[in-house]
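In: whatever this is, show me its structure:
(one chain, ligands or ions: 2)
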Amino acid sequence: MASTIDDEDMPPELVDVTIMSAAPDSVKEEESTPRVPITIVTGYLGAGKTTLLNYILTEKHGKKIAVIMNEFGDSSDIEKPLTVNEGGQEVTEWMEVGNGCICCSVKDTGVMALESLMERKGTFDYILLETTGLADPGNIAPVFWMDDGLGSSIYLDGIVTLVDAKNILRLLDEPAPEEKADAHNEEAHEHGSGPILSMAHMQISHADVIIVNKADLVTPEQMDAVRDRVSAINSVAKIHVTDHSRTPQIEGVVLDLHAYDHLDDLDFSKKGHSHIDPAISTIAVTIPPVSADQIPRVDSWLQSVLWESTLPQPRSGSRDGHPVQFEIHRLKGILRLQDGSCKIIQAVRDVFEIRDSEARKDDDKPSQDQCKIVLIGRGLGPVLDPWKQSLEAFIGR
Ligand SMILES: Nc1nc2c(ncn2[C@@H]2O[C@H](COP(=O)(O)OP(=O)(O)OP(=O)(O)O)[C@@H](O)[C@H]2O)c(=O)[nH]1
Ligand SMILES: [Zn+2]
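Out: Numbering: from 1, shown residues only. Ligands and ions are numbered 1, 2, ... in the order given. Next up is the predicted model:
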C-alpha cells in the first residue's frame, strides 16, 4: 500500500514496498522507519537545473528540503558551502538556507552526498538531487531500489528532466561524440543498428516530468516542435514549459510527484506509436485483467524483455513487425487482477519491481479495468501487436 499525506508538517509516510524482482539477485528488507522521498533533477548541460533548484529553495513551499547541487549558479544568493579535503577523503558540509532547507554542493554522482545527508535524517523531509549535465539518470535511480543502506532510508519520488528549448532538437539530431550515451551506443554499433542515441534521449526517456525551459529564447512555432519531439520520445511524462525554470507550482511538478504510486493517472489515450523520433519511442500494451497465478509469468516476461531484450515468441503466429533489436529504458505498468486488486510495475533499465497497489474504485472509465504496460525505449518496432501477442501468449491466454 502506498498513500499520500496532505499535511506538509508531517514526516513522509512509510511507503511499503515489496520487491518481487530486481536484477540479478538483490533482496530488499522492509524497514520500519519512514523513508524520505527524493526527486532526481536531470537535464543536459546548461538546461536550467541549478536555476530550478535555486527557485525552489527561495519559493514558499512549507517543506524542509535538502538539496544536493552540482554547483551553484552565478545568480545564486546561496553562499558556497565548504567542501574540505581531509586525507584524500572529501567531507561534505551542509549549510542551512532559507525556508529551513539545507544545501550541499557536490561534483560527482551524489551518492556520497546522500550518505552524508542521511546522518542528518530528521532535519529535512524531502531531497532534491541534481545530476551532472552528462549523467544518465538510469544509473542513479535504481540505487534506491538496490542499495540496502540508501534504499531503506530514501525512496524515489520521480525523475524530472530539464530540456533546453533552444538546443534540444540539435542535441537529439546531432549528438557530439562526447554527448553519446556510451554504453547503449557501443551495443548499437556492435549490432550495427539504429540511429545514435544522445544523452538527451536518455534523459528524456527516463523522465516522469519534463520541464521545457528557456521558453523566452524560442518562437511559439519552435516550442511546438520541441513539445512534439519530446512527447514522441516519452509520451507518458507530464510536460511543463518554463522561463528560467519557474514552474507554475512546485508540488506535483517537482516535489510530491508520486510518479510510482499513481499509474492510473498516466494518460494512456496517447498510446500507440509515434514515428517522429527515430531513436526512442513509447508504446502502451493493454490486456484484460490477469489472475494471481499469472503474475509470475508476467514477471518472467519482464525479465526476458528487460534483461535479455528478447520478446518471447508465440509458438505459432507471424513474425511480421516483430521487433528484432530493442532495448527498454523505462517501463511502468499497472496490473489489474481478476479479484479487483492491483499491482504496480516499474522499471528503470534492467531493474524492476512489481508491488501491491490500492485498487481505485472511483474510476469509471472502461480503460481502468485493463492491465497496462507502458514501454519507453529504442527499436520497439513499427507495430504494437507483437508486444501484446507475446505477453498474452506468454502468460497463457
Ligand atoms: N534565457 C534564459 N536563460 C536561462 C533560462 N534558464 C536558465 N538560464 C540560464 O542558463 C544558464 C545555465 O543555467 P543552469 O541553471 O546553471 O543550468 P544547469 O542545467 O544547472 O547547468 P549545468 O549544471 O552546467 O549542467 C544560466 O546562465 C541561467 O541563468 C531561461 O529560461 N532563459
Ligand atoms: Zn547546474
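
In: need the pLDDT of residue 126.
Out: pLDDT for residue 126: 90.

In: list the buried residues in stretch 219-227.
Out: The neighbour-count check on stretch 219-227 (16 or more other C-beta atoms under 10 Å) flags 223, 225-227 as buried. In short, each C-beta sits where N, CA and C put it, glycine included.

In: possible to save those as a markdown table with pLDDT and secondary structure?
Out: A markdown table is the format used below for the buried residues of stretch 219-227 (pLDDT from 0 to 100; DSSP: H, G, I helix; E, B strand; the rest coil):
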| residue | pLDDT | secondary structure |
| --- | --- | --- |
| 223 | 97 | helix |
| 225 | 95 | helix |
| 226 | 96 | helix |
| 227 | 95 | helix |
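
In: and which of the residues you listed is nearest ligand 1?
Out: residue 223 (11.9 Å; C-beta to the nearest ligand atom).

In: and that closest one, what does it touch?
Out: Residues near residue 223 by C-beta atoms under 8 Å, 6 or more residues apart in numbering: 165, 212, 215, 241.

In: so which of these are also by ligand 2?
Out: Among those, no residue lies close to ligand 2 (C-beta under 5 Å from the ion).

In: list buried residues within the residues you listed.
Out: Members of the contacts of residue 223 classed as buried by 16+ other C-beta under 10 Å are 165, 212, 215, 241.

In: okay, these in a markdown table with pLDDT and secondary structure next?
Out: A markdown table is the format used below for these (pLDDT from 0 to 100; three-state DSSP):
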| residue | pLDDT | secondary structure |
| --- | --- | --- |
| 165 | 96 | coil |
| 212 | 97 | strand |
| 215 | 96 | helix |
| 241 | 97 | strand |
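
In: just name the closest of these to ligand 1, please.
Out: Of all the buried ones among the contacts of residue 223, ligand 1 sits closest to residue 215, with 6.3 Å by C-beta to the nearest ligand atom.

In: before we move on, back to that, quick check, nearest of the contacts of residue 223 to residue 52?
Out: residue 212 (12.2 Å; C-beta to C-beta).

In: what sits against the closest one?
Out: 163, 165, 168, 223, 226-227, 230, 239-242.

In: so residue 285 is in which element?
Out: Per DSSP states H and E: residue 285 is located in strand 280-287.

In: quick check: what element follows that strand along the chain?
Out: Strand 280-287 is succeeded, C-terminally, by helix 295-307 (DSSP H and E).

In: show me what that following helix is packed up against.
Out: strand 327-336, strand 342-348, strand 351-357, helix 385-394 (3 or more C-beta pairs under 8 Å, 6 or more residues apart in numbering; DSSP states H and E).

In: residue contacts, the one residue in the stretch 251-397 of the chain that gets nearest to ligand 1?
Out: The minimum distance from the stretch 251-397 of the chain to ligand 1, using C-beta to the nearest ligand atom, falls at residue 254 (13.7 Å). When contacts are counted by C-beta under 8 Å, 6+ apart, residue 254 touches 39, 41, 52, 56, 128, 160, 209, 247.

In: dump those to a markdown table, plus secondary structure and neighbour count.
Out: Shown next, in a markdown table, are the contacts of residue 254 (DSSP: H, G, I helix; E, B strand; the rest coil; neighbours: other C-beta atoms under 10 Å):
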| residue | secondary structure | neighbour count |
| --- | --- | --- |
| 39 | strand | 24 |
| 41 | strand | 29 |
| 52 | helix | 27 |
| 56 | helix | 24 |
| 128 | strand | 25 |
| 160 | strand | 29 |
| 209 | strand | 21 |
| 247 | coil | 20 |
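
In: ligand 1: which of these is nearest?
Out: Of all those, residue 52 has the smallest distance to ligand 1: 6.7 Å, by C-beta to the nearest ligand atom.

In: re earlier: would you turn the helices and strands packed on helix 295-307 into TSV with mean neighbour count, distance to residue 371 and mean pLDDT?
Out: Converted to TSV, the helices and strands packed on helix 295-307 look like this (neighbours: other C-beta atoms under 10 Å; distance: least, C-beta to C-beta, whole Å; pLDDT from 0 to 100):
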stretch	mean neighbour count	distance to residue 371	mean pLDDT
strand 327-336	22	5	85
strand 342-348	23	9	82
strand 351-357	20	12	79
helix 385-394	19	9	91
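
In: quick one: closest of these to ligand 2.
Out: Closest approach to ligand 2 among these (C-beta to the ion): strand 342-348, 21.9 Å.

In: adjacent strands (with direction) for that closest one?
Out: Strand pairing for strand 342-348, using DSSP bridges, gives strand 327-336 (antiparallel), strand 351-357 (antiparallel).

In: just the closest residue of the stretch 101-250 of the chain to ligand 2, please.
Out: residue 130 (5.7 Å).

In: so what does that residue have for phi and psi?
Out: With angles defined as degrees, to the nearest 10, residue 130 sits at phi -90, psi 130.

In: how close does it get to residue 161?
Out: Note on residue 130: its distance to residue 161, by C-beta to C-beta, to the nearest Å, is 12 Å.

In: cool, and residue 198?
Out: For residue 198, the distance to residue 161 - C-beta to C-beta - is 13 Å.
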